[in-house]
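Asks: Need coordinates for the following:
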Amino acid sequence: MSGHVSSSSTPDIYDYFKQRRSAHNVAEAEKLLSQMLVDVSKGETALIATGKKEAQIAFQNSLMKRVFVHESLRKFIDAVRKEGSIEVTVIGGVLEELGEFGKYGGLVFELFYRADLSAFG
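Replies: I've put the predicted structure just below:
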């Protein structure tokens with residue numbers, strides 16, 4: 001994936017970089033959402049989950065492997081980063097304009113193993 005910026009201005013180049021990085025991160029989050037939907041359609045316990053309540057349960061029980069989260073959930077982001085062992089990807093932008101990721105509330109995470117989060121909380 002290559003790109004081109006018509007300006008040599010450092011702020012313009014950095015803005016373009018942020019735009020492309022955000023698009024890539026949204027695409028990665030949507031891959032997780034697709035995997036979750038496939039697991040659910042097969043009747044399996046999903047390895048991927050969404051939702052603030054589920055994320056809190058997974059975080060508190062050390063089940064969360066990585067998370068894609070919208071920048072508006074600052075309190076959650078700060079808590080996860082403070083813990084330090086979870087891969088956190090923060091995605092900026094207008095939530096409603098972020099496709100499927102935005103439709104699922106701007107939060108999708110992967111667990112270490114398949115677990116029914118309702119059994120933990």
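
Asks: all contacts plus neighbour counts: C-alpha atoms, from now on.
Replies: OK.

Asks: Pull out the buried positions in the helix ranked longest in the chain.
Replies: Longest helix of the chain, by residue count under DSSP state H: helix 10-41. Residues of helix 10-41 classed as buried: 22, 25-27, 29-30, 32-33, 35-36 (neighbour count, 16 or more other CA atoms under 10 Å).

Asks: between those residues, which is closest to residue 14?
Replies: residue 22 (12.1 Å; CA to CA).

Asks: what sits against that closest one?
Replies: Counting by CA atoms under 8 Å, 6 or more residues apart in numbering, residue 22 touches 91-92.

Asks: ok, it to residue 105 distance?
Replies: Distance of residue 22 to residue 105, given as CA to CA, to the nearest Å: 16 Å.

Asks: Over to residue 89?
Replies: In terms of CA to CA, residue 89 sits 15 Å off from residue 105.

Asks: Show me what stretch 86-100 is in contact with.
Replies: 22, 25-26, 30, 33, 64-71, 77, 80-81, 102-103, 105-106.

Asks: Quick one: end-to-end distance for it.
Replies: First residue to last in stretch 86-100 (CA to CA) measures 23 Å.

Asks: How about stretch 43-58?
Replies: Taking CA to CA, stretch 43-58 runs 20 Å from one end to the other.

Asks: Counting neighbours, which bits of that stretch end up buried?
Replies: Across stretch 43-58, burial judged by 16+ other CA under 10 Å covers 46-50, 54-58.
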